[in-house]
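**Student:** Have a look at this fold, sequence not included:
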């Protein structure tokens, strides 16, 4: 089965594609069949902002990257991505694969189709046992986890929609004030939770939601930190973002899931405060990058400048 291969992730599963459709996204999926077997597969979504901005923000995102079987040949890779370009180049400004696995051996094949490689970092945390995870995490982060629990913070899965709404309010504030990139609407998160596509581990303090983490799971292979947030300075000795991240790693250990995937740590050449935060959890720094095909160079350039201005404002 194709999803048994090393390059597979949650984001190429039928469940992920079904979720995106339900959440209102335009989706796509393409495959190459050779000798009655699928050797190469790719799926993703078309994203755009609302209103007049939609014309300047249309992009095709391939979360996780493509999936290749052991029998895949270079010609299969090039034909797959030629098909992707043919069907999407008039719909979007650019196409981007956000790789969660190593595609180094396919760089040349993708480059011949027009996909340029851009370095991008990530952290993978091995979740073999709780004791080993504790040994690898920084002493300061472990102290903050212990302080949070001692002060009365509690972590549990979300039980009610109102808790998802409280979590989203914290996340939305984080994106408006610090992250400054688009965030899906509340409906996206309610659908994630109601369809059980992802786990919501929430941090409570004095019966108030003060943070949490959203992570989909891919079999026993990995869990993915899709969104995390917390009111980290609201209460003394309560560190909800750290406690939520730790709790997700603990969940992986207890459920025999091999890896915690941070889903990105920025570009190597740029200072990125979140990378410093993620580096303290004992993970391995990996550089699997992204492949980008620019369909409209002018709008792509304008969009990059707009994002830079927004983040610096």
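**Tutor:** Yes, it's here. Please read these numbers as outputs of a predicted model, since none were measured by experiment.

**Student:** Going by C-alpha atoms from here, please, whenever you check contacts or count neighbours.
**Tutor:** Noted.

**Student:** What are the phi and psi values at residue 287?
**Tutor:** For residue 287, the backbone dihedrals are phi -130, psi 90 (criterion: degrees, to the nearest 10).

**Student:** which residues sit in contact with the closest residue to it other than its chain neighbours?
**Tutor:** Here the nearest residue to residue 287 in space, its sequence neighbours aside, is residue 121; by CA to CA, 6 or more residues apart in numbering that works out to 4.5 Å. With CA atoms under 8 Å, 6 or more residues apart in numbering as the criterion, the residues that contact residue 121 are 264-268, 285-289.

**Student:** repeat for residue 142
**Tutor:** When contacts are taken as CA under 8 Å, 6+ apart, residue 142 is in contact with residue 134.

**Student:** Dihedrals phi and psi, it?
**Tutor:** As for residue 142, its main-chain torsions (degrees, to the nearest 10) stand at phi -70, psi -40.

**Student:** same question, the one 3 residues further on
**Tutor:** The phi and psi torsions at residue 145 (degrees, to the nearest 10) take the values phi -60, psi -50.

**Student:** Low-confidence stretches in this structure?
**Tutor:** Within the chain, the segments meeting pLDDT under 70 span 51-55, 307-313.

**Student:** so where's the longest strand in it?
**Tutor:** The strand of greatest length in the chain, counted in residues with DSSP state E as the criterion, is given as strand 37-47.

**Student:** which helices and strands sit right next to whatever helix or strand residue 172 lives in?
**Tutor:** For residue 172, the enclosing helix or strand under DSSP states H and E is helix 161-174. When contacts are defined as 3 or more CA pairs under 8 Å, 6 or more residues apart in numbering; DSSP states H and E, helix 161-174 sits against helix 186-194, strand 208-215, strand 227-230.

**Student:** what separates that helix from the chain centre, distance-wise?
**Tutor:** When distances are taken as CA atoms, centre = their mean, to the nearest Å, helix 161-174 is centred 18 Å away from the chain's centroid.

**Student:** Tell me how many other residues crowd the nearest residue to residue 129 once chain neighbours are set aside.
**Tutor:** Of all residues beyond its chain neighbours, the one nearest residue 129 is residue 253 (5.5 Å), with distances taken as CA to CA, 6+ apart. As a burial measure, residue 253 scores 21 neighbours (other CA atoms under 10 Å).

**Student:** ok so, going back, who touches the helix holding residue 172?
**Tutor:** Identification of contacts with helix 161-174 by CA under 8 Å, 6+ apart yields 158, 183, 186, 189-190, 193, 202, 209-212, 228-231.

**Student:** Select from these the one having the most neighbours.
**Tutor:** Neighbour count (other CA under 10 Å) singles out residue 212 as the most crowded of these, with 32 neighbours.

**Student:** Make sure that residue is actually in contact with residue 229.
**Tutor:** Yes - Residue 212 is in contact with residue 229 according to CA atoms under 8 Å; the separation is 5.8 Å.

**Student:** Give the residues shared as contacts by these two.
**Tutor:** Common neighbours of residue 212 and residue 229 (CA under 8 Å, 6+ apart) are 240-241.

**Student:** which parts of stretch 73-80 are buried?
**Tutor:** Of all the residues in stretch 73-80, those buried under the rule 16 or more other CA atoms under 10 Å are 76-80.

**Student:** Can you give the distance from that stretch to the centre of its chain?
**Tutor:** 26 Å.

**Student:** List of residues touching it?
**Tutor:** Defining contact as CA under 8 Å, 6+ apart, one finds that stretch 73-80 is touched by 30-32, 39-42, 106, 109-110, 112-113.

**Student:** So the residue of the chain most remote from its centre versus residue 76, what's the distance?
**Tutor:** Most distant residue from the mean C-alpha position of the chain: residue 35, 33.3 Å away (CA atoms, centre = their mean). Distance check for residue 35 against residue 76: by CA to CA, to the nearest Å, it reads 12 Å.

**Student:** Go through whatever helix or strand residue 16 lives in and flag the buried ones.
**Tutor:** The secondary structure element spanning residue 16 is helix 14-22 (assigned by DSSP H and E). Within helix 14-22, the residues that qualify as buried by neighbour count (16+ other CA under 10 Å) are 16-17, 19-20.

**Student:** got those residues as a markdown table, with distance to residue 48 columns?
**Tutor:** Compiled in a markdown table, those are given as follows (distance: CA to CA, whole Å):
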| residue | distance to residue 48 |
| --- | --- |
| 16 | 19 |
| 17 | 17 |
| 19 | 17 |
| 20 | 14 |
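
**Student:** between those, which is nearest residue 59?
**Tutor:** residue 20 (15.0 Å; CA to CA).

**Student:** Where do the helices of this protein begin and end?
**Tutor:** Using DSSP state H, the helices of the chain run over residues 14-22, 54-57, 74-88, 107-112, 130-136, 139-150, 161-174, 186-194, 240-254, 273-279, 297-312.

**Student:** Many thanks, we can stop here.
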